[in-house]
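Visitor: here you go, sequence then predicted model.
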Amino acid sequence: MVLNRHCQIQTLSLHSEEIMESGAILTRVHPNLLNLSRTSLNFKFVSPIQLQKQSHFGCISNYSNGNNNNVNSLRLRVASPTSNLALEVADIDWDNLGFGFMPTDYMYITKCSHGDNFSEGELQRFGNIELSPSAGILNYGQGLFEGLKAYRTDDGNILLFRPEENALRLRVGAERMCMPSPTVEQFMEAVKATVLANERWIPPPGKGSLYIRPLLMGSGAVLGLAPAPEYTFLIYVSPVGNYFKEGLAPINLIVETEMHRATPGGTGGVKTIGNYAAVLKAQGAAKAKGFSDVLYLDSVHKRYLEEVSSCNVFVVKGNVISTPAIKGTILPGITRKSILDVALNQGFKVEERLVTIDELLDADEVFCTGTAVVVSPVGSITYLNKRVTYGSDGVGRVSEQLYSALTSLQMGLAEDKMGWTVELK
Ligand SMILES: Cc1ncc(COP(=O)(O)O)c(C=O)c1O
C-alpha cells in the first residue's frame, strides 16, 4: 500500500513482528530517555517497521518489515498534508504547548559500524529503540544531540532555520567524541523527511514549532573504555511552545560560583549528552529557590561569563551588544551567531570577547539566546546574594527588537535576505 501526500486520509496496513534476539539480552530504550529525565524503563516492544520514502519526502511509498513470517497486522491512519486543516493537524491543545515531550508519528534511523560511513536511513513508526546494556552511550556517554525547529507559515509552507549549521556542529562534535557522523546532505535529507512525515504535528502559525531532535550515539556494545563498534543516528520530533514557563516574560538567573559546566580542554564546546546531566544539580537547586536557570562562570578565574545551562548569554550597554567569545567551553549557538548578524544589521556594535561578571551586573539589558528559548530577556541576576534587576519588569527594548527580527525570519514573516531559511514545500 502506498501513502500519498495528495489524498485526504489513507489507511495503511503495517506489520508488527516479534523479534527474538539470540545470545544477547537487549534493552529497549525510548529515544527520549537519552535526553530527558525519565527514570523508569517501560519497554513495551514496538517493532521497527521499515518505511521507505520516495524522493519527495512526504510520500512514503513503500513499506516492508522485511519478513512476512510471524507477522501481526495493525492498521494505521495517516492524515495527509493536503487534506482539509481539521484533518491535517493533530488533535492537541495548541494554545497551551510548553516544552514537554509529546510522541509523534515517525522517527528517522540509520546505523553504521565504527570506521564506516552512514548510508541512507529509513523512517520508522515512532517508538522505543533497543540497545545492549553494554552500549557505548549508556556506559561511557558517547553521544551527541542537536536541536532545531520547523515552523508552519501563514501561506502553508514549512520553514527550517539554518539546518546545515546543526549538521556542521554535529560533525564537529562527532569528531571530538570519536564518532562517525552523517554528511551535511544526509543530515538535511533526514531532517526534511522526518518533519514531513510528522507534518500534522507542526503547530499552526504563531502557536509554536516542531522541535527536531537529532541524536548520534555509540549504540554498539563495549566493556573496556573504547569507541563503540556501532553507531546510530536517529531523529525524532515533538511540538513545542515556550521553553521557560515565564514565556516571553523576563527570566531570573542565579550565577553559580561553585559548580562548573565546562573546563578548558573538555567538551563544553560540543553538544554532548554528559554536559547536560552535569548541570542538573545546580539547575535543580536554582529552581528550588525560584530561579529560572543558572548562569555559569569560567572555571579558572570564576570571573568571566560562560553561558546558561542550555542557552548563550548577551549583555547590552548603550549601543554595544557583547557575548562571551567561543573558546571551547561555550556551545557555539546557532541563534547566538544569527543574533550577532541581526544586531549588526540593525546598527548595533557587536563584540565577542571575555565578558566579566561586573559588566553583567552593570548592563542596561541582558538576554539569552538558543533554539529552544529563542531570545529570552533576563529580568534579574543574583550573584553572591546580591540581586540586580534590569528594566522595569518589562521586556528590554533591545531584546524585544532582536526577538522580533529573528522570529519574523524564522516564521517567514520577513524577507530572508540572509538565505537562512529552508522551505520544505
Ligand atoms: C549549552 C547550550 N548553549 C547554547 C545553546 C544555544 O544553541 P542554539 O542557538 O544552537 O540552539 C544550547 C542549545 O542548543 C545549549 O544546549
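Guide: Received it, and whenever you're ready, just let me know what you need.

Visitor: does Gly117 touch Pro180 like I think?
Guide: Check again: residue 117 is Asn, not Gly. Yes: assessed by Cβ atoms under 8 Å, Asn117 is found in contact with Pro180 at 6.3 Å. In this view, the C-beta of every residue, glycine as well, is placed from N, C-alpha and C.

Visitor: who has more neighbours, those two?
Guide: Neighbours were tallied for Asn117 and for Pro180 using other Cβ atoms under 10 Å; the higher tally belongs to Pro180 (20 against 11).

Visitor: from Arg171, how far off is the nearest residue to Gly220 once chain neighbours are set aside?
Guide: Distances taken as Cβ to Cβ, 6 or more residues apart in numbering place Glu230 nearest to Gly220, at 3.1 Å, with adjacent residues excluded. Taking Cβ to Cβ, to the nearest Å as the measure, Glu230 falls 19 Å from Arg171.

Visitor: ok, residues contacting the host helix or strand of Val350?
Guide: Using DSSP states H and E, Val350 sits within strand 349-353. By Cβ atoms under 8 Å, 6 or more residues apart in numbering, the surrounding residues in contact with strand 349-353 are 319-326, 340, 343-344.

Visitor: let me see the contact set for the spatially closest residue to Thr371 that is not a sequence neighbour.
Guide: Setting aside the residues directly before and after it, Thr371 is nearest to Gly147 in space (Cβ to Cβ, 6+ apart), at 4.8 Å. Shown in contact with Gly147 (Cβ under 8 Å, 6+ apart): 166, 211-213, 271, 371-372.

Visitor: next one: Ser338
Guide: Ser338 neighbours (Cβ under 8 Å, 6+ apart): 161-162, 406, 420.

Visitor: hang on, the earlier thing: so for the strand holding Val350, mean pLDDT?
Guide: When pLDDT is averaged along strand 349-353, the result is 98.

Visitor: packing partners of the helix or strand following it?
Guide: Of the helices and strands lying after strand 349-353 in sequence (DSSP H and E), the nearest is helix 357-361. Other elements packing on helix 357-361 under the criterion 3 or more Cβ pairs under 8 Å, 6 or more residues apart in numbering; DSSP states H and E are strand 312-317, strand 374-383.

Visitor: and with 6 Å instead?
Guide: Helices and strands touching helix 357-361, as assessed by 3 or more Cβ pairs under 6 Å, 6 or more residues apart in numbering; DSSP states H and E, are absent.

Visitor: quickly check: the following helix or strand past it near the ligand or not.
Guide: Downstream of helix 357-361, the next assigned helix or strand under DSSP H and E is strand 365-370. Yes: judged by Cβ under 6 Å from any ligand atom, strand 365-370 and the ligand are in contact via 369-370.

Visitor: got the residues of the stretch 201-350 of the chain near the ligand?
Guide: 307, 310-312, 331, 333-336.

Visitor: neighbours of Pro214, how many?
Guide: So Pro214, with other Cβ under 10 Å, has 25 neighbours.

Visitor: got it, and Phe348?
Guide: 19.

Visitor: for Asn319, give me its contacts.
Guide: 348-349 (Cβ atoms under 6 Å, 6 or more residues apart in numbering).

Visitor: distance of Ser292 relative to His260?
Guide: 20 Å.

Visitor: hey, where'd the helices end up in this protein?
Guide: 85-88, 136-140, 163-176, 184-197, 274-277, 280-288, 334-345, 357-361, 397-410 (DSSP state H).

Visitor: quick one: buried residues of the fifth one?
Guide: Neighbour-count burial for helix 274-277 flags 275-276 (criterion: 16 or more other Cβ atoms under 10 Å).

Visitor: try the fourth one
Guide: Neighbour counts using 16+ other Cβ under 10 Å place 184, 186-197 of helix 184-197 among the buried residues.

Visitor: if we can go back for a sec, out of Ser292 and His260, which sits in the busier spot?
Guide: Ser292 (24 against 20).

Visitor: verify the contact between the more buried one and Asn252 for me.
Guide: Yes: counting by Cβ atoms under 6 Å, Asn252 is a contact partner of Ser292 at 5.2 Å.

Visitor: residues contacting the closest residue to Val316 other than its chain neighbours?
Guide: Spatial nearest neighbour of Val316, excluding adjacent residues (Cβ to Cβ, 6+ apart): Glu365 at 3.9 Å. Residues near Glu365 by Cβ under 6 Å, 6+ apart: 316, 390, 396, 398.

Visitor: and the least confident of those residues?
Guide: Comparing those by pLDDT, Gly396 comes last, at 89.

Visitor: residues near that residue, how many?
Guide: Gly396: 22 neighbours (other Cβ under 10 Å).

Visitor: in space, what's closest to it - neighbours in sequence excluded?
Guide: Glu365 (3.7 Å).

Visitor: same check, this time on Asp116
Guide: With Cβ to Cβ, 6+ apart as the criterion, Asp116 has its nearest non-adjacent residue at 6.6 Å, and that residue is Pro180.

Visitor: which pLDDT value belongs to that neighbour?
Guide: So, for Pro180, pLDDT stands at 98.

Visitor: same check, this time on Asn68
Guide: So Asn68 comes in at 29 (pLDDT).

Visitor: again with Val89
Guide: pLDDT, Val89: 75.

Visitor: how far away is it from Gly412?
Guide: 18 Å.

Visitor: before we move on, the earlier item: counting neighbours, which of the contacts of strand 349-353 comes out on top?
Guide: Once you tally neighbours by other Cβ under 10 Å, Thr323 ends up highest among the contacts of strand 349-353, having 25 neighbours.

Visitor: just give the closest residue to it, not the sequence neighbours.
Guide: Phe314 (4.7 Å).
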